[in-house]
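1. show me how the following folds:
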Amino acid sequence: MFFKKKETVKAVDERLKHVAFIMDGNGRWAKKRSMPREFGHINGAKNFKKVIRYCGDKGVKIITVYAFSTENWKRPKNEVDAIMNLLSDYIDDAVAMVDENNIQLHFLGDMSIFPPKTQEKIKNAEAVSADKELVLNIALNYGSRAEIAHACEVLAASGKTKFTEEDVAGALYTSHCDDPDLIVRTGGDIRLSNFLLWQAAYAEFYFTDTLWPDLDEREIDKIIDDFYSRKRRYGGLDK
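-> Model prediction:
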């Protein structure tokens, strides 16, 4: 069984409110099994639900996942088509988890590129979950540079000519939540790939060779233990 019963899960505290995941390695997971890359995305979507439930059971208040970037459109058409077909299931799965896991859904990114039916589905998912506690951000058609540029456009449209850091943060897609305390990337690459660049200013990073569909509760516990072994100084000195 992937996740433990809630009563046996050691909870996190206020030092770890927000965990963000770069869900990398689905295609390579499938290739290792001589399967089409699309097969990896299907299994990655299954693991997405397990990871969200387990982190919620641990007491993590905010979870952000990098589902599809603005650069991912460059991938082979058959792979992109498969991911887009999975998108509807992703949204349905997230909505199904709303009541069971007390999840408030937010979709980060430019949704205008998607068909009207998908956009309506996204708006409905956010609306029906607005009163829930656990925040789940799904970054979709998301790029951090585009997000920052969009924030500047919003501020300029409001008539502002000078912006503070608080102004910019308030105009980002993540204005509803705290910045991530921990960013985890699976799949072995050691980079952020245009993900939460502004918000990651003082986040801790953890990179693992484990492919996303294989990320399990044991490794999540290991990652959290590693986080708590670090000292976060925010530019200052140890007390």
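
2. any stretches of this structure with poor pLDDT?
-> 1-9, 239 (pLDDT under 70).

3. ranges for the helices of it?
-> 26-31, 37-58, 77-101, 116-128, 144-157, 165-171, 217-228 (DSSP state H).

4. right, and the ones you listed - which one's nearest Phe195?
-> helix 144-157 (5.9 Å; Cβ to Cβ). Quick note: C-beta positions are derived from backbone N, CA and C, even for glycine.

5. find the nearest non-adjacent residue to Asn47, please.
-> Sequence neighbours aside, Pro213 is the residue nearest to Asn47 in space, at 4.9 Å (criterion: Cβ to Cβ, 6 or more residues apart in numbering).

6. next, count neighbours for that neighbour.
-> 24 (other Cβ atoms under 10 Å).

7. ok, it to Gly56 distance?
-> Distance from Pro213 to Gly56, counting by Cβ to Cβ, to the nearest Å: 19 Å.

8. also Met23?
-> Distance from Met23 to Gly56, by Cβ to Cβ: 17 Å.

9. what of Leu197?
-> Leu197 is 26 Å from Gly56, where distance means Cβ to Cβ.

10. any idea which residue is closest to the centre of the chain?
-> In the chain, the residue lying closest to the centroid (Cα atoms, centre = their mean) is Val65, at 1.4 Å.

11. test my guess that that one contacts Ala20.
-> Yes - with contacts defined as Cβ atoms under 8 Å, Val65 counts as touching Ala20 at a distance of 7.4 Å.

12. which residues do those two both contact?
-> Asn137 (Cβ atoms under 8 Å, 6 or more residues apart in numbering).

13. next, Trp198: phi, psi?
-> Main-chain dihedrals, Trp198, degrees, to the nearest 10: phi -70, psi -50.

14. just list the residues touching it, thanks.
-> Ser144, Glu147, Ile148, Val168, Ala169, Leu172.

15. ok, so of these, who is nearest Ser193?
-> Closest approach to Ser193 among these (Cβ to Cβ): Ser144, at 9.1 Å.

16. what number of residues lie near that closest one?
-> 23.

17. distance-wise, check Asp226 relative to Glu204.
-> For Asp226, the distance to Glu204 (Cβ to Cβ) stands at 9 Å.

18. the two: which is more packed in?
-> Between Asp226 and Glu204, counted using other Cβ under 10 Å, the more crowded position is Glu204 (18 against 12).

19. who are the contact partners of the residue nearest to Ala151 when sequence neighbours are not counted?
-> Nearest residue to Ala151 in three dimensions, chain neighbours excluded: Ala171, at 3.7 Å (Cβ to Cβ, 6+ apart). For Ala171, the contact set (Cβ under 8 Å, 6+ apart) comprises His150, Ala151, Cys152, Val154, Leu155.

20. contacting residues for the first one?
-> The neighbours of His150, taking Cβ under 8 Å, 6+ apart as the test, are Asp110, Ala171, Tyr173.

21. same deal with Asp181?
-> Asp181 is in contact with Arg15, Leu16, Lys17, His18, Val19, Ala203, Glu204, Phe227, counting by Cβ under 8 Å, 6+ apart.

22. from Arg15, how far off is it?
-> 7 Å.
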